[in-house]
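Peer 1: Quick one: sequence and predicted model below, then my questions.
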Amino acid sequence: MNPWILWSALSHTARLSTALQILLFLPLTLATLSTQAFLLLSLLLSIHSLIHGTLILLWGSNALSIMQVPMHPFLLLVTFNAFSQSAQPWLTTAVYWWGKLLTVCGPSYVAMEGLSSLLFAQKAGQIGRGIADEAESYQFVILILTAAAFVAAAWWVVIAYPAAAASPLSSTLLGVALTAFLFLVLIGFRLRRTNVVEASLLALFLAYNVWLCGFDQTSFSDPASSYAPLLSNILPHLQTLVNFITNTLPKPVLVALLYRLSILQVASRILPTIGADNWESDQEELDGRPTSIMTRILLTYRQLIFVMVYSHLLLLDPSSQVWWRWANIMFTLFLWAVELVVSPDGDDDSAKWKID
């Protein structure tokens with residue numbers, strides 16, 4: 001077997017193992033110990049991820065992905081040992097301020113998700129416009145797909161409406177969001193500053209957030225209630241573990257985490273292409289652009305972002321998650337409105353980023 005293929009397989013398996021360990025260990029600590037123990041593990045994982053990302057930036061070897069796999073169980077054991085008895089005062093202070101930092105960073109996570117979603121929708125609209133210009137048959141296919149996206153978004157909102165509009169305030173916010181979205185779509189079409197691809201993707205983004213606002217509250221069960229002591233028999237032990245994973249990992253949190261990290265990853269790939277001229281094909285010039293440097297930093301420290309975003313989502317109670325969703329919707333619509341106002345007209349050459 002080719003050594004490169006074997007090494008690549010080991011590296012990807014190690015990355016997957018790292019992600020699964022983080023996904024399981026954080027809610028496991030929150031369920032079996034306490035919030036302070038959870039914050040300590042989050043802090044340790046963040047410090048480790050910061051060191052790991054820095055080593056990748058300086059060294060850049062795939063061996064680092066394999067070498068870090070044993071670190072997460074070790075940090076989990078350190079956390080359990082630290083809180084097996086009364087924690088030291090300095091440790092309690094450290095985790096308190098780490099929790100405060102995660103809370104303070106909450107609005108930045110929401111802003112990054114909204115901005116990245118808008119950026120992705122605009123880039124997809126630009127690509128769709130380019131494909132549609134190649135042939136009329138492509139235009140027909142794009143119209144069908146975007147129409148299906150609008151219908152799916154409308155169906156999604158209707159299905160989520162009873163739970164998402166459970167209170168007068170939430171129903172008012174839903175009405176404001178839908179009305180603002182429709183007006184922005186009409187204004188964008190009238191001014192030729194948007195297209196159906198961009199509008200359909202933002203409709204899906206709106207429906208997705210409305211769905212999360214009305215997610216079944218029973219999904220936010222108390223993690224501690226699903227924990228059972230380990231049994232000596234291996235089969236009951238495995239069944240206990242499966243039940244723990246099924247009941248403890250909060251599904252809305254996992255969905256929000258997957259979307260937030262995915263859209264940040266996509267946006268980091270789009271950033272270097274913004275503002276680049278067609279003739280600017282020299283890779284060295286592109287690598288020196290501020291957006292390219294930002295992309296490299298985001299991709300290098302993506303594990304740190306993963307731990308912090310996941311920790312913040314796990315700390316939120318159900319009501320807080322709902323209001324952060326509404327804030328995300330309103331912030332994204334506000335960004336889109338500003339972008340439609342400040343963008344040049346469709347006939348302007350500088351508008352090619354969006355419609356040409």
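Peer 2: Ah, there it is. Nothing here was measured: the structure is a model prediction, and the numbers come from that model.
Peer 1: low pLDDT regions in this structure?
Peer 2: Along the chain, segments meeting pLDDT under 70 span 1-4, 62, 216-250, 272-292, 294, 318, 343-356.
Peer 1: Show me the residue at the heart of it, geometrically.
Peer 2: Centroid check for the chain by C-alpha atoms, centre = their mean gives Arg260 as the closest residue, at 1.0 Å.
Peer 1: do you know how far it is from Leu173?
Peer 2: Noted for Arg260: a distance of 21 Å to Leu173, by C-beta to C-beta, to the nearest Å. Every residue, glycine included, has its C-beta placed from N, CA and C.
Peer 1: same thing with Leu304?
Peer 2: When Leu304 is compared with Leu173 (using C-beta to C-beta), they lie 33 Å apart.
Peer 1: So those two - more neighbours on which side?
Peer 2: Leu173 (22 against 19; other C-beta atoms under 10 Å).
Peer 1: Surely that one and Trp326 touch.
Peer 2: Yes. Contact between Leu173 and Trp326 holds when scored by C-beta atoms under 8 Å: they sit 5.1 Å apart.
Peer 1: list residues touching both of these two?
Peer 2: Common neighbours of Leu173 and Trp326 are not found (criterion: C-beta atoms under 8 Å, 6 or more residues apart in numbering).
Peer 1: what's near enough to touch Leu44?
Peer 2: With C-beta under 8 Å, 6+ apart, Leu44 has these contacts: 75, 78-79.
Peer 1: cool, and Leu315?
Peer 2: 35, 99, 102-103.
Peer 1: So which of the residues you listed wins on neighbours?
Peer 2: Of the contacts of Leu315, with other C-beta under 10 Å as the count, Leu102 tops at 22 neighbours.
Peer 1: Need the contact partners of whichever strand or helix holds Leu258.
Peer 2: Assigned by DSSP states H and E, Leu258 falls within helix 251-270. Applying C-beta under 8 Å, 6+ apart, the external contacts of helix 251-270 come out as 23, 109, 112-113, 115-117, 119-120, 123, 208, 212, 215, 219-220, 294-295, 298-299, 302, 305-306, 309-310, 313-314, 321.
Peer 1: in that helix, what counts as buried?
Peer 2: By neighbour count on 16 or more other C-beta atoms under 10 Å, the buried set for helix 251-270 is 252-253, 256-257, 259-261, 263-264, 266-268, 270.
Peer 1: Run through the helices of the stretch 51-200 of the chain in chain order.
Peer 2: Assigned by DSSP state H, counting those that start in this stretch, the stretch 51-200 of the chain shows helices spanning 63-67, 71-82, 89-104, 106-132, 136-164, 168-191, 196-213.
Peer 1: looking at the ones you listed, which is buried most?
Peer 2: helix 196-213 (a mean of 23; mean count of other C-beta atoms under 10 Å).
Peer 1: any idea how far it is from the chain center?
Peer 2: Centroid separation for helix 196-213 versus its chain: 15 Å, with C-alpha atoms, centre = their mean, to the nearest Å.
Peer 1: how about it as PDB, C-alpha atoms only?
Peer 2: Extracted as PDB, the C-alpha positions of helix 196-213 are listed here (Å, rounded to 0.1, in the frame of the first residue of the first chain):
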ATOM      1  CA  VAL A 196     -33.200  34.500  -7.000                       C
ATOM      2  CA  VAL A 197     -30.400  32.300  -5.900                       C
ATOM      3  CA  GLU A 198     -29.300  34.600  -3.100                       C
ATOM      4  CA  ALA A 199     -32.900  35.300  -2.000                       C
ATOM      5  CA  SER A 200     -33.800  31.600  -1.900                       C
ATOM      6  CA  LEU A 201     -30.800  30.700   0.200                       C
ATOM      7  CA  LEU A 202     -31.600  33.500   2.700                       C
ATOM      8  CA  ALA A 203     -35.100  32.200   2.800                       C
ATOM      9  CA  LEU A 204     -33.800  28.800   3.800                       C
ATOM     10  CA  PHE A 205     -31.600  30.500   6.400                       C
ATOM     11  CA  LEU A 206     -34.600  32.300   7.800                       C
ATOM     12  CA  ALA A 207     -36.600  29.100   7.900                       C
ATOM     13  CA  TYR A 208     -33.800  27.200   9.600                       C
ATOM     14  CA  ASN A 209     -33.500  29.700  12.400                       C
ATOM     15  CA  VAL A 210     -37.300  29.800  12.900                       C
ATOM     16  CA  TRP A 211     -37.300  26.000  13.100                       C
ATOM     17  CA  LEU A 212     -34.600  26.200  15.800                       C
ATOM     18  CA  CYS A 213     -36.600  28.800  17.700                       C
END
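Peer 1: Quick check: which helices or strands does that helix pack against?
Peer 2: If you count contacts as 3 or more C-beta pairs under 8 Å, 6 or more residues apart in numbering; DSSP states H and E, helix 196-213 packs onto helix 106-132, helix 136-164, helix 168-191, helix 251-270, helix 318-342.
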